[in-house]
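1. Requesting a structural model of the entry that follows:
(one chain, ligands or ions: 3)
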Amino acid sequence: MAIYVYKFGGTSVGTIERIKAVAEKVKAAHTGGDAIVVVVSAMSGETNRLIDLAKQMQSQPNERELDVLISTGEQVTTALLSMALTQLDCPACSYTGGQVRILTDSIHTKARIRAIDDTRIHADLKAGKVVVVAGFQGVDEFGNITTLGRGGSDTTAVALAAALKADECHIYTDVDGVYTTDPRIEPKARRLNQITFEEMLEMASLGSKVLQIRSVEFAGKYNVKLRVLSSFIEGNGTLITYEDTQVESALISGIAFNRDEAKLTLSGVPDMPGIASKILAPIAHENIEIDMIIQNISAKGTTDFTFTVHRNDFLKAKKILATIAVELGAKEVSGDDRIVKVSIVGVGMRSHAGIASTMFKALAEEGINIQMISTSEIKISVVVDEKYLELAVRTLHAAFNLDEAPLS
Ligand code: ADP
Ligand code: ASP
Ligand code: MG
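-> Numbering: from 1, shown residues only. Ligands and ions are numbered 1, 2, ... in the order given. The predicted structure is shown next:
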């Protein structure tokens, strides 16, 4: 008996009609003889609505209570889908993350999965039932409800697929696969039949929200066969591959962007050993993730230190920096939360020189100023003013020949 984990995102379960359509699809697979575990997101817009309610109550909501609140969205969908399946004479049973026992750490709103108890699911599958699990949530060792960060249902699905040793994990969404860039920004974007795990990891970590980064990390760690497909149209979608099987891999596979970044600078810091850690340790201590870091060449014994954080953490990080600035005798703290990061990704980059200069030349020709640069073996990222986001993405998409050939 093959085991499949299917995950349906918010738009795919956005209305009663759509939930019924999902039930039809699941029933067809189940009738075909496969064991099916379904992970569902909240109905589209619901998580945002719940976050908004919390903010009306507390400008910075208590994170434990926020998790109790926002985890309810997924619970609604599990029950409705189970009912829809039962209506179709397909035996089904719904569970919250805590009921399955998806055990997480205690970092509310961005918890990580530690272990999954699959006993209950296996028993239900053996009894011929479809198991419907609420995505995005778990429970910590003290019994508190936790959530896994925005887009976290992807991670629930892949983690379950790993725990159950599923044959394949299907992420059903509102696009029919992974594209060369977000088709909402560049309509000329092309669907990729396959993408290497390494590239998908970079794309997700650089902002392509078609898959939550942690889901890709899980897939890589446990070798989960992962595919992104459309809930609405038939097709093979995009397979995430673990070896580069393409005979001739493209130079650049995709363009990713992240609008959620903000930049902070501490200028006139005394240039001496230990300074970077003195600046960054208090930031890390507050669980603020740091992305790009630049330290200038020192001039007259002082240097400038710039880094980026998530926009949500901008004010918090700025406040911490202000205290550090006084302690270190730095000149000034400044920041900009109107920046974005645009990146090109491709394993083909490894064996080719001149990619960076093509990228920078294309941006320069459009008058786009680059504020920060960071590179790795398979990606180059630049920070630019947010007003250039669309232009930068489209310019790079064309510069690296990713545009779909016009229909003749
Ligand atoms: P779901 O609710 O199903 O989880 P998401 O909104 O989280 O769906 O993810 C799907 C969306 O991801 C698409 O509608 C698309 O706008 C966006 N996206 C961003 N980058 C890409 C990409 N490279 N390929 C496909 N979709 C992308
Ligand atoms: N509902 C959650 C969110 O909107 C989780 C998910 O959809 O994956 O982020
Ligand atoms: Mg998603």
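
2. Same question for D182, what's its three-state structure.
-> Of the three states, D182 takes coil under DSSP: H, G, I helix; E, B strand; the rest coil.

3. Kindly list the main-chain dihedrals of it?
-> phi -60, psi 120 (degrees, to the nearest 10).

4. For it, which residues are in contact?
-> Shown in contact with D182 (C-beta atoms under 8 Å, 6 or more residues apart in numbering): A189, S208, V210, F257, V393. The C-beta positions use only the backbone N, C-alpha and C, and glycine is treated the same way.

5. hmm, 10 Å instead?
-> Neighbour list for D182: V175, A189, G207, S208, K209, V210, G254, I255, A256, F257, V393 [criterion: C-beta atoms under 10 Å, 6 or more residues apart in numbering].

6. what's the answer for F307, then?
-> Listed by C-beta under 10 Å, 6+ apart, the contact partners of F307 are 262-266, 276, 279-280, 283, 290-295, 317, 321, 372.

7. re earlier: quick one, which of the contacts of D182 are buried?
-> Neighbour-count burial (16 or more other C-beta atoms under 10 Å) applied to these gives V175, A189, G207, S208, V210, G254, I255, A256, F257, V393.

8. Isn't E198 up against G348?
-> No. Counting by C-beta atoms under 10 Å, E198 does not reach G348; the two are 11.5 Å apart.

9. residues in the protein within reach of ligand 2, list them.
-> Residues of the chain found near ligand 2, taking C-beta under 6 Å from any ligand atom as the criterion, are 9-10, 41-42, 47, 73, 135-136, 150-154.

10. Secondary structure element holding the residue nearest to S267 when sequence neighbours are not counted?
-> Distances taken as C-beta to C-beta, 6 or more residues apart in numbering place D304 nearest to S267, at 4.3 Å, with adjacent residues excluded. Secondary structure from DSSP states H and E places D304 in strand 302-310.

11. next structured bit after that strand?
-> helix 314-328.

12. tell me what that following helix is packed against?
-> Packing contacts for helix 314-328, counted by 3 or more C-beta pairs under 10 Å, 6 or more residues apart in numbering; DSSP states H and E, involve strand 261-270, helix 275-285, strand 302-310, strand 332-336.

13. could I get the ones you listed as CSV with mean pLDDT?
-> Listed next are those as CSV, based on pLDDT from 0 to 100:
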stretch, mean pLDDT
strand 261-270, 94
helix 275-285, 92
strand 302-310, 94
strand 332-336, 95
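
14. could you redo these as JSON lines and give each row distance to G98?
-> Output for the helices and strands packed on helix 314-328, formatted as JSON lines (distance: least, C-beta to C-beta, whole Å):
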{"stretch": "strand 261-270", "distance to G98": "33"}
{"stretch": "helix 275-285", "distance to G98": "29"}
{"stretch": "strand 302-310", "distance to G98": "27"}
{"stretch": "strand 332-336", "distance to G98": "39"}
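
15. Cool, thanks, signing off.
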